[in-house]
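Novice: Sequence plus predicted model, see below.
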Amino acid sequence: MLGSAHTRFNDYIGTVAADNAVALTGEPSLYELVSIDRDLYTIVAVDLRIDGPATVYAVDRFPQGLGPHGDVAKLGEGGGEIPVVAFYLREPNVEDFIRRAFRRISVRLLAQLVRNDVPVVAKPAQPGSKEGRRLQSNGSWPTTGKGGSRSLTIATPPPG
């Protein structure tokens, strides 16, 4: 079972989202980068590691009785397990693979100590100003809310 991403200590945890790279003439697709036949397999997961190989997980549709255009999502309906095949990245540089495989990628990591909090962006600080970026005197970020979940106020500089 693949589960959530993890490292040795999980000091930061978070989420990731990515858009497939736009298909360009002469540029390989994600399937081609990993040498996966898209007529036989459907990619369902990607593991990326800086200190190890990237791995792409794909469903072999035919043994599952799905055929060339089968609905892979039906395999996992009702919380069922989806059998996958692991394909290891041949490319030695994960950064090059990411740049070639995805048009956009967004990674958000939160420190474990605030993993159950909801980040709320405060008024963005002006360039050169320290406003909105100060920690409280006790060294923690200002928080609001009650109960099991609190909001974490994070100030971000304006774009550009």
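Specialist: Structure's in. What do you need?
Novice: hey, let's count contacts and neighbours off CA atoms from now on
Specialist: Noted.
Novice: so how far is the longest helix along the chain off the chain centroid?
Specialist: Taking DSSP state H as the assignment, the helix of the chain that covers the most residues is helix 94-101. Distance, stretch centre to chain centre, for helix 94-101: 14 Å (CA atoms, centre = their mean, to the nearest Å).
Novice: With stretch 7-14 instead?
Specialist: Here stretch 7-14 is found 13 Å from its chain centre; the criterion is CA atoms, centre = their mean.
Novice: Next, the buried residues of it.
Specialist: Across stretch 7-14, burial judged by 16 or more other CA atoms under 10 Å covers residue 13.
Novice: ok, residues contacting it?
Specialist: The contact list for stretch 7-14, computed with CA atoms under 8 Å, 6 or more residues apart in numbering, reads 6, 107, 108, 109, 110, 111, 112, 115.
Novice: What strand or helix carries the nearest residue to the first one once chain neighbours are set aside?
Specialist: The one in question is residue 6. In space, and not counting its chain neighbours, residue 6 is closest to residue 13: 7.8 Å by CA to CA, 6 or more residues apart in numbering. Counting by DSSP states H and E, the element that carries residue 13 is strand 12-20.
Novice: That strand pairs with which strands, and in what direction?
Specialist: strand 102-111 (antiparallel) (DSSP bridges).
Novice: Can you name the next helix or strand after the partner strand?
Specialist: Assigned by DSSP H and E, the successor of strand 102-111 is strand 118-121.
Novice: Show me the beta-bridge partners of residue 107.
Specialist: Applying DSSP bridges to residue 107 yields these beta-bridge partners: residue 16.
Novice: Show me how the record splits this protein into domains.
Specialist: Following automatic domain parsing, the chain resolves into domains at 12-109, 116-160.
Novice: which residues in the chain form helices?
Specialist: Counting by DSSP H, the chain has helices at residues 30-33, 94-101.
Novice: averaged over its residues, what pLDDT does the shortest one have?
Specialist: So that's helix 30-33. The pLDDT scores in helix 30-33 average 87.
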